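Novice: Quick one: sequence plus predicted model below, questions after.
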Amino acid sequence: NIIKQYYMERKRIYLCLSHMSEDGAEQRYVKEAFDTNWVVPLGPNVNGFEKDLEGFIGHDMRVVVLSSCAAALHLALLLLGVGKDDEVLCQTFSFCASTNPVVYCGAKPVFIDSEPDTWNMDPVLLECAIQDRLAKNGRLPKAIIVVDLYGMPAKWNALMAISQKYGIPIVEDAANALGSFYDGKPCGTFGTIRTFSFNGNKIITTSGGGALVCNDSEIKTKAIFLATQAREKAPYYQHEAVGFNYRMSNICAGIGRGQMTVLNDYVARHKKVHDLYKKLLKDVEGIKVHDNFNDLYDSNFWLTTITVDPEIRIKGQNTTAIDGEPNPNIEALRVYMDAAGIEARPVWKPMHKQPVYKNSPAYMNGVSEAIFKVGMCLPAGPYVSDEDVCYIVEMIKRAVV
């Protein structure tokens with residue numbers, strides 16, 4: 001009946017849509033911004049949103065809300081002194097926004113592959129890369145960018161130990177991981193500086209936006225200074241450094257304040273959707289749901305990800321594998337689901353395989369390339385109902401030959 005109903009109604013299920021709170025909290029904060037004429041990149045909503053985030057991840061944290069997570073990463077690198085020709089060790093298995101800010105600084109990315117448990121940066125390869133870069137260059141890399149991919153926490157105990165051993169600061173890219181925890185500690189609190197994303201498809205949204213998180217009031221002050229065009233304290237416009245227009249508007253921050261009222265509910269919904277996928281796909285041959293590695297990990301499951309055994313065949317699959325691209329069954333499954341009104345996507349293509357970064361140094365073990373060939377993201381979030389999940393799983397079952 002569910003399948004018949006979906007075919008008749010042709011309801012499209014999107015990968016991860018933003019969802020406003022039921023009681024209209026976002027509209028109230030935005031209306032307040034208009035009513036008081038606070039429509040600029042400062043104001044009560046900006047201050048309130050920062051305090052709300054500090055309350056969620058830890059009152060000892062200092063938060064600066066910004067125009068994007070990429071802006072936050074850029075500022076984080078600048079605050080750590082990253083500059084021309086420095087090297088920054090980057091997780092290859094991620095979206096380009098985790099790497100591009102390195103180039104904004106005039107620095108050079110060096111890519112590190114993943115480990116198979118969490119799909120995040122491999123601590124063993126990280127240490128090998130540090131030692132090799134030191135031997136080759138006579139100096140250490142300037143920073144490390146680690147991503148909590150799809151909301152899954154990285155192996156933070158091991159990564160932080162390496163950071164401390166060599167004195168190289170870590171920037172945590174927790175763009176996907178608001179509401180995720182590692183060993184009881186919130187993601188967005190590891191490393192020296194951390195970042196979040198509030199893009200339209202994240203756990204909560206400000207339509208676009210991001211945040212920089214630190215423990216030091218002085219770093220927060222410097223971040224705000226750089227994010228507001230580096231304007232000096234003078235009655236006229238005085239600039240002694242190059243700054244950026246990176247601050248979040250009071251209107252967008254109002255949306256964020258409203259979203260904070262439902263953050264816990266949204267995280268719970270993402271987890272429930274994931275658990276339902278896991279239950280329904282448990283006995284489907286060739287399909288595996290990526291899950292928490294052990295009890296240290298508590299992912300928000302921003303997106304549920306699966307791997308598809310390359311040996312199984314999908315309806316419509318009529319091509320052979322091409323080196324460096326996903327297995328044909330991933331594209332066949334995506335097309336099949338798209339025709340059924342379901343948006344699904346391949347996982348991120350590793351950065352070291354992107355043409356723009358083809359000449360960058362890379363320390364590989366084959367994990368990210370292997371996952372890219374067989375990985376897929378399934379719809380998640382408050383707009384995805386239990387019935388939607390049942391329909392999606394049924395379409396996956398029907399697609400498998």
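Specialist: That came through, no problem.
Novice: Mean confidence (pLDDT) on the longest helix belonging to the chain, please.
Specialist: Looking across the chain with DSSP state H, the single longest helix is helix 263-281. On average, the pLDDT along helix 263-281 is 98.
Novice: Report all helices and strands that it contacts.
Specialist: With contacts taken as 3 or more Cβ pairs under 8 Å, 6 or more residues apart in numbering; DSSP states H and E, helix 263-281 sits against strand 287-289, strand 304-308, helix 386-399. Backbone N, C-alpha and C define where each C-beta goes, glycine included.
Novice: What's the first helix or strand after the second one?
Specialist: On the C-terminal side of strand 304-308, the nearest following helix or strand under DSSP states H and E is helix 328-339.
Novice: what's the angle from that next one to strand 304-308?
Specialist: With axes from the mean of the first three to the mean of the last three Cα atoms, to 10 degrees defining the directions, helix 328-339 sits at 130 degrees from strand 304-308.
Novice: what about the protein, any weak spots by pLDDT?
Specialist: Scanning the chain for pLDDT under 70 picks out 1-10, 321.
Novice: could you pull out the helices for it?
Specialist: 2-9, 25-35, 44-57, 69-79, 100-104, 123-137, 156-166, 217-227, 250-260, 263-281, 328-339, 367-374, 386-399.
Novice: thought residue 190 was touching residue 170?
Specialist: Yes: contact criterion Cβ atoms under 8 Å: residue 190 and residue 170 qualify, at 6.9 Å.
Novice: Quick one: distance of stretch 25-36 to the chain centre.
Specialist: 28 Å (Cα atoms, centre = their mean, to the nearest Å).
Novice: what comes into contact with it?
Specialist: Outside of stretch 25-36, the residues within contact range by Cβ atoms under 8 Å, 6 or more residues apart in numbering are 20, 38-39, 43-45, 48, 250-251, 253-255, 257-259, 261-262.
Novice: Return the members of those classed as buried.
Specialist: With burial judged by 16 or more other Cβ atoms under 10 Å, the buried subset of the contacts of stretch 25-36 is 38, 43-45, 48, 250-251, 253-255, 257-259, 261-262.
Novice: Just flag the most distant two among those.
Specialist: 38 and 262 (23.0 Å; Cβ to Cβ).
Novice: ok, of the buried ones among the contacts of stretch 25-36, which one's closest to residue 58?
Specialist: residue 48 (17.3 Å).
Novice: dump the residue contacts of that closest one.
Specialist: 29, 253, 257.
Novice: let's see 10 Å
Specialist: Residue 48 is in contact with 29, 65, 250, 253-254, 256-257, 260, counting by Cβ atoms under 10 Å, 6 or more residues apart in numbering.
Novice: Going by distance to residue 57, which of those wins?
Specialist: Out of these, the member with the shortest distance to residue 57 (by Cβ to Cβ) is residue 260, at 11.3 Å.
Novice: wait, what's in contact with the closest one?
Specialist: Residue 260 sits next to 21, 25-26, 29, 48-49, 51-53, 55-56, 178, 204 when contact means Cβ under 10 Å, 6+ apart.
Novice: So for stretch 122-133, what gets flagged as buried?
Specialist: Across stretch 122-133, burial judged by 16+ other Cβ under 10 Å covers 122-123, 125-127, 129-130, 133.
Novice: Return the member of these nearest to residue 316.
Specialist: Of all these, residue 122 has the smallest distance to residue 316: 35.0 Å, by Cβ to Cβ.
Novice: I figured the closest one hits residue 111, correct?
Specialist: No: using Cβ atoms under 10 Å as the test, residue 122 is too far from residue 111 to be in contact (11.2 Å).
Novice: which one is residue 213 nearest to, not counting chain neighbours?
Specialist: residue 194 (4.2 Å; Cβ to Cβ, 6 or more residues apart in numbering).
Novice: wait, I meant residue 270
Specialist: residue 301 (4.8 Å).
Novice: cool, residue 127 as well?
Specialist: In space, and not counting its chain neighbours, residue 127 is closest to residue 162: 5.3 Å by Cβ to Cβ, 6+ apart.
Novice: distance of that neighbour from residue 135?
Specialist: Distance of residue 162 to residue 135, given as Cβ to Cβ, to the nearest Å: 16 Å.
Novice: Could you provide the contacts of residue 48 in a markdown table, with additional columns for distance to residue 238?
Specialist: Conversion of the contacts of residue 48 to a markdown table gives the following (distance: Cβ to Cβ, whole Å):
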| residue | distance to residue 238 |
| --- | --- |
| 29 | 33 |
| 65 | 25 |
| 250 | 25 |
| 253 | 27 |
| 254 | 31 |
| 256 | 31 |
| 257 | 33 |
| 260 | 36 |
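Novice: from the residues you listed, which is closest to residue 85?
Specialist: So of those, ranked by how close each gets to residue 85 (Cβ to Cβ), first place is residue 65, at 31.3 Å.
Novice: hey, what's residue 109 bridged with?
Specialist: Taking DSSP bridges as the rule, residue 109 bridges to residue 88.
Novice: That one: how many residues sit nearby?
Specialist: For residue 109, the tally of surrounding residues (other Cβ atoms under 10 Å) stands at 25.
Novice: that older thread, would you check that the residue nearest to residue 127 makes contact with residue 124?
Specialist: Yes: counting by Cβ under 10 Å, residue 124 is a contact partner of residue 162 at 9.4 Å.
Novice: follow-up on the earlier one: what residues are shared contacts of residue 122 and residue 111?
Specialist: Between them, residue 122 and residue 111 share these contacting residues under Cβ under 10 Å, 6+ apart: 91-93, 129, 363-364, 368.
Novice: Keep only those of those that are in strands.
Specialist: Using DSSP state E, the subset of these located in strands is 91, 363.
Novice: what would the shared contacts of residue 122 and residue 111 look like in JSON lines with distance to residue 352?
Specialist: Listed next are the shared contacts of residue 122 and residue 111 as JSON lines, based on distance: Cβ to Cβ, whole Å:
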{"residue": "91", "distance to residue 352": "10"}
{"residue": "92", "distance to residue 352": "5"}
{"residue": "93", "distance to residue 352": "9"}
{"residue": "129", "distance to residue 352": "12"}
{"residue": "363", "distance to residue 352": "9"}
{"residue": "364", "distance to residue 352": "7"}
{"residue": "368", "distance to residue 352": "8"}
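Novice: Tell me the one of the shared contacts of residue 122 and residue 111 nearest residue 212?
Specialist: Distance to residue 212, by Cβ to Cβ, is smallest for residue 91 among the shared contacts of residue 122 and residue 111, at 18.4 Å.
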